[in-house]
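*Asks:* Quick one, what's the 3D model for this:
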Amino acid sequence: MGKADLHIHSEHSDGMASVAEIFEYVEQHTDLDLIAITDHDMFDGARAALELLAKRKYRFDVLTGMEVTTREGHLLALGISKPIKSLQRLDWSIAQIHEQGGVAVIPHPMSWLIRSVGQRGILRILNDTAPEIYFDGIEAMNPSIAGQVTVAKTKRLNETRFHLPETGGSDAHTLSMIGTGVTYFQGHTAQDLLNTLRAGGTRADGHFWTRQEVRELARIAPQQSYRALVKLPARHLRRALSRHG
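*Replies:* Purely as a prediction, here's the structure:
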């Protein structure tokens, strides 16, 4: 079985480490076969990952992606080759992910601590008859505090109503958090993961963040908050102005 962490943030959004540092950590300190760089509304981290892969061979594979902010909450776009526009309707974002041959996964479902797709939104997409409008998976293991508060509800509703393939991802913003949430799949490559997910054969696992890990997050909270609330919005604004200038 392959082992993947499908939800990692780099310094290109509100993470604390560069993509190069993430790669080195994964190479030296984990047994992961696959990782996904999923920065908030930024494809820069995925591009940086591709540039690193072009220069050096690593023992693990990489899935390009991003965590897209839709009007109804966050959405993981995995296996895409170009960015998905932010603040669109949820169904439009899903369709655009599938147009690129990627997969759409619900991160930290129904969490009230972070922008998340709610139960009504999930059910509406599940009942949509358009062939390109569907979820490929649901994050059944997100070890962050935001993920913990609804994990039991997510598992219960997925077993009884959603029936979606499950994934796990660390939602890591620091190196030490990488691998705390994982997805098991058949094979070892990014394509193997996509194939297993589409076949409904993935399994989520991991552990919730320990007190020590939470203390580490508290220590870097001011710097991370600056990145999330000041630096990242400023980057988005500059890009928007440059496109319309």
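*Asks:* which residues of this structure fall in strands?
*Replies:* 2-8, 34-37, 61-70, 73-78, 103-106, 137-141, 166-168, 181-185, 203-206 (DSSP state E).
*Asks:* Direction included, what does the fifth one pair up with?
*Replies:* It stands for strand 103-106. Each strand paired with strand 103-106, and its direction, by DSSP bridges: strand 73-78 (antiparallel), strand 137-141 (parallel).
*Asks:* Show the pLDDT at Tyr226.
*Replies:* Predicted confidence (pLDDT) for Tyr226: 66.
*Asks:* what residue is smack in the middle of this structure?
*Replies:* Nearest to the centroid of the C-alpha atoms of the chain, with distances taken as Cα atoms, centre = their mean, sits His7, at 3.4 Å.
*Asks:* how much space between the nearest residue to that residue once chain neighbours are set aside and Gln212?
*Replies:* Nearest non-adjacent residue to His7, counting by Cβ to Cβ, 6 or more residues apart in numbering: Gly169, 2.6 Å away. C-beta here means a position set from N, CA and C on the backbone, and glycine is covered the same way. Separation of Gly169 from Gln212 (Cβ to Cβ, to the nearest Å): 20 Å.
*Asks:* For the two, indicate the residue with more neighbours.
*Replies:* Using other Cβ atoms under 10 Å, the more surrounded residue of Gly169 and Gln212 is Gly169, with 34 against 8.
*Asks:* wait, doesn't that one sit right on Asp5?
*Replies:* Yes. Judged on Cβ atoms under 8 Å, Gly169 makes contact with Asp5 at a distance of 5.8 Å.
*Asks:* Now the common contact residues for those two.
*Replies:* Common contacts of Gly169 and Asp5 (Cβ atoms under 8 Å, 6 or more residues apart in numbering): 36, 181-183.
*Asks:* out of those residues, who's nearest Leu90?
*Replies:* Proximity of these to Leu90 was ranked by Cβ to Cβ; the top entry is Ala36 with 20.1 Å.
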